[in-house]
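> Give the three-dimensional model of this entry:
(one chain, ligands or ions: 2)
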Amino acid sequence: MRGLWTTERVKAAEERVMARVPEGALMRRAAFGVATVALEVLAGRRRVGLLVGAGNNGGDALWAGYFLRRRGVAVSAVLLNPAKAHAAGLAAFRRVGGRVVERLTGVDLVIDGIVGLSARGPLRPDAAEHVAHLDAPVLSVDLPSGVDPDTGAVRGPHVRPAVTVTFGCLKPVHALADCGEVRLVDIGLTPELAGPDLLELEVSDVGAAWPVPGPTDDKYTQGVTGIAAGSATYPGAAVLATGAALLATSGMVRYAGAAAEGVRARWPEAICTGTITDAGRVQSWVVGPGLGTGLGAEAVLRSVLEVGVPVCADADAITMLANNPDLWDARDPDTPLVLTPHDREYERLAGEVGDDRVAAAKRAADKFAAVVLLKGHTTVIASPDGRVLVNRARSSWAATAGSGDVLSGLIGALLAAGLDPLLAAGCAARVHVLAAELAADGAPIPATSLLAAVPDAIRAVRPLTA
Ligand SMILES: NC(=O)C1=CN([C@@H]2O[C@H](COP(=O)(O)OP(=O)(O)OC[C@H]3O[C@@H](n4cnc5c(N)ncnc54)[C@H](OP(=O)(O)O)[C@@H]3O)[C@@H](O)[C@H]2O)[C@@H](O)CC1
Ligand SMILES: [K+]
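Numbers count the residues shown, from 1 in each chain. Ligands and ions are numbered 1, 2, ... in the order given. Sure thing, here's the model as predicted:
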């Protein structure tokens, strides 16, 4: 797992390290890392421009300019606030022939040192003006200027870097916003960092957690997933969610609802019944996709919540829980529940999402004692015990109708297999994104193609030796 630390924690760790090392050493280490990556990106081209802000982020840029000059690169710098430019960095930059200019022209690469960890609010107008006229690829120092370091929120003009070079550890912005390729430079911070604020699953974590049958397993021991989704008029959601549960694990899948005929036709291996009461025992329920929000659907949701097995509540189930809070009474709060809202569903359930998506997911997880998976380009998954996972999309191919039905089927199957609910949601989200990428391969896809790519995505995360 990769950790991400908030700016407050990073600054505190930096202070402790700085107290032990000679003045300026940390900044020069950071800047040397920036210069090294810049030379890689330049690939032989030799003109670099710096945008230098008022703080240490600008200091990093100036010292990077110093190291690049010593490698024979032509470097010019715009000082956005000359009186406050980092004094030692500027002196070193000038000493090796770095030029201070009013505007960057004719450069092969721009190094964005406008603002870093202490960024507050939108870019100042003069910085915004320079950003608007950038016409070369950008390397951002620490994070893209104009993007909030802790929330990834963007208010107004901001830098869109090809690459971001950050120091010591990843910060929330690196998962929550588009930073281009993110490169991490070691500046000796790790020993000072305690447990991270956010976690990102790596492929190997997902592979290790994904349930696969052992020699003594059968269809029951791997968990039976129940799907309460779809309607006679709209069987699609039921077909997709059932298919996802079938492809996710080797456990059995029971479908219960009005779309039984459609589901049986597409997935003969699913056990289909018309009602929840006829469905038999399951180890988890997926409820909501395409279910509708009428009285019948409410009765289904109530029965599912009463069973006392882990539940993934999606789509219409979320709307019903928002419209009729009495439904919460049906749930035993000790039974795991995973809620998978997009922003509008979240609003119905818990008010505005706002700029801070991590805080929003945590708020709802706390309020409902549930794992809350807030969908977005970066999905944020918060557990009521305080753990938070983030899952970067890396592309937008999963943003297609029916894609959410596939995700809830995957989550349901992992819950039935007995995974910790946060891990179930995190692993499902990761494989879902990967399946979308594999299926799309550069062109838009319908959710059926995403679903068909689920086995390939699971193969891609599984350990090679198994
Ligand atoms: N600490 C360390 O050991 C190490 C730190 N390192 C580096 O230091 C960076 C943090 O440096 P920092 O704390 O000096 O602040 P920083 O982000 O440069 O900005 C502060 C200035 O920006 C301004 N400003 C604020 N918001 C703005 C906006 N929206 N748009 C425009 N301007 C804005 C504000 O000035 P104002 O305009 O308010 O007068 C303020 O003075 C960190 O990201 C890393 O790169 C590395 O060298 C490794 C070692
Ligand atoms: K920056």
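
> how near is the closest residue to ligand 1 within the stretch 351-466 of the chain to ligand 2?
Nearest to ligand 1, among the residues of the stretch 351-466 of the chain, is residue 355, at 13.9 Å (C-beta to the nearest ligand atom). Quick note: C-beta positions are derived from backbone N, CA and C, even for glycine. When distances are taken as C-beta to the ion, to the nearest Å, residue 355 and ligand 2 turn out to be 19 Å apart.

> how near is the nearest residue to that residue once chain neighbours are set aside to ligand 1?
In this structure, residue 355 finds its nearest non-sequential neighbour in residue 153, 3.8 Å apart by C-beta to C-beta, 6 or more residues apart in numbering. For residue 153, the distance to ligand 1 under the criterion C-beta to the nearest ligand atom, to the nearest Å works out to 12 Å.

> likewise residue 238?
Applying C-beta to the nearest ligand atom, the value for residue 238 to ligand 1 is 48 Å.

> what do you get for residue 1?
Relative to ligand 1, and taking C-beta to the nearest ligand atom, residue 1 is found at 24 Å.

> How about residue 445: what's its closest non-neighbour residue?
Beyond its immediate neighbours in the sequence, the residue positioned closest to residue 445 (C-beta to C-beta, 6+ apart) is residue 439, lying 4.8 Å away.

> Just give the number of residues close to that neighbour.
The number of residues packed around residue 439, counting by other C-beta atoms under 10 Å, is 23.

> so it makes contact with residue 453?
Yes. Using C-beta atoms under 8 Å, residue 439 makes contact with residue 453 at a distance of 3.8 Å.

> which helix of the chain spans the most residues?
Counting by DSSP state H, the longest helix found in the chain is helix 421-440.

> Which neighbouring elements make contact with that helix?
In terms of contact count using 3 or more C-beta pairs under 8 Å, 6 or more residues apart in numbering; DSSP states H and E, helix 421-440 is assigned the packing partners helix 203-209, strand 337-339, strand 371-374, strand 378-382, strand 388-392, helix 403-416, helix 447-452, helix 454-461.

> Could you export those as JSON lines, including mean pLDDT, distance to residue 121 and mean neighbour count?
Compiled in JSON lines, those are given as follows (pLDDT from 0 to 100; distance: least, C-beta to C-beta, whole Å; neighbours: other C-beta atoms under 10 Å):
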{"stretch": "helix 203-209", "mean pLDDT": "96", "distance to residue 121": "36", "mean neighbour count": "17"}
{"stretch": "strand 337-339", "mean pLDDT": "98", "distance to residue 121": "32", "mean neighbour count": "25"}
{"stretch": "strand 371-374", "mean pLDDT": "98", "distance to residue 121": "24", "mean neighbour count": "29"}
{"stretch": "strand 378-382", "mean pLDDT": "97", "distance to residue 121": "22", "mean neighbour count": "26"}
{"stretch": "strand 388-392", "mean pLDDT": "96", "distance to residue 121": "23", "mean neighbour count": "24"}
{"stretch": "helix 403-416", "mean pLDDT": "98", "distance to residue 121": "34", "mean neighbour count": "30"}
{"stretch": "helix 447-452", "mean pLDDT": "97", "distance to residue 121": "38", "mean neighbour count": "21"}
{"stretch": "helix 454-461", "mean pLDDT": "97", "distance to residue 121": "40", "mean neighbour count": "18"}
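
> Dump the ones you listed to TSV, plus distance to residue 95.
As requested, the helices and strands packed on helix 421-440 are arranged in TSV below (distance: least, C-beta to C-beta, whole Å):
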stretch	distance to residue 95
helix 203-209	46
strand 337-339	58
strand 371-374	50
strand 378-382	42
strand 388-392	41
helix 403-416	56
helix 447-452	56
helix 454-461	51
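
> The worst-scoring helix or strand of the chain on mean pLDDT vs ligand 1: in contact?
Taking mean pLDDT, DSSP states H and E as the measure, helix 7-18 is the helix or strand of the chain with the lowest mean score, a mean of 94. Yes. Using C-beta under 6 Å from any ligand atom as the criterion, contacts between helix 7-18 and ligand 1 involve 14, 18.

> tell me the SS of residue 135?
Under the three-state scheme (DSSP: H, G, I helix; E, B strand; the rest coil), the conformation of residue 135 reads as coil.

> tally of neighbours for it?
Neighbouring residues of residue 135 were enumerated by other C-beta under 10 Å; the total is 9.

> before we move on, back to that, close to ligand 1, is the helix or strand just after the least confident helix or strand of the chain?
Following the chain from helix 7-18 toward its C-terminal end, the next helix or strand by DSSP states H and E is helix 25-42. Yes. Using C-beta under 6 Å from any ligand atom, helix 25-42 reaches ligand 1 at 26-27, 30.

> Output the helix or strand following helix 25-42 as PDB, nothing but the C-alphas.
The element immediately downstream of helix 25-42 (helix or strand, assigned by DSSP H and E) is strand 47-52. Coordinates of the C-alpha atoms in strand 47-52 are reproduced here as PDB (Å, rounded to 0.1, in the frame of the first residue of the first chain):
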ATOM      1  CA  ARG A  47      16.200  25.700 -22.600                       C
ATOM      2  CA  VAL A  48      14.300  25.900 -19.300                       C
ATOM      3  CA  GLY A  49      12.100  28.600 -17.800                       C
ATOM      4  CA  LEU A  50      11.300  28.900 -14.100                       C
ATOM      5  CA  LEU A  51       8.200  30.400 -12.600                       C
ATOM      6  CA  VAL A  52       9.300  31.400  -9.100                       C
END
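
> distance of the residue lying farthest from the centre of the chain from residue 69?
Of all residues in the chain, the one whose C-alpha sits farthest from the chain's mean C-alpha position, using C-alpha atoms, centre = their mean, is residue 95 at 43.1 Å. Between residue 95 and residue 69 the computed distance is 9 Å (C-beta to C-beta, to the nearest Å).

> swap in residue 183?
Noted for residue 183: a distance of 21 Å to residue 69, by C-beta to C-beta.

> So which of the two has more stuff around it?
Legend: neighbour count by other C-beta under 10 Å for residue 183 and residue 69, higher for residue 69 (21 against 18).

> residues contacting the more buried one?
Residues counted as contacts of residue 69 (C-beta atoms under 8 Å, 6 or more residues apart in numbering) are 75, 93, 96-98.

> redo that, cut-off 6 Å
Contacts for residue 69 (C-beta atoms under 6 Å, 6 or more residues apart in numbering) come out as 75, 96-98.

> Report the angle between the longest helix of the chain and helix 403-416.
140 degrees (axes from the mean of the first three to the mean of the last three C-alpha atoms, to 10 degrees).

> All good on my end, thank you.
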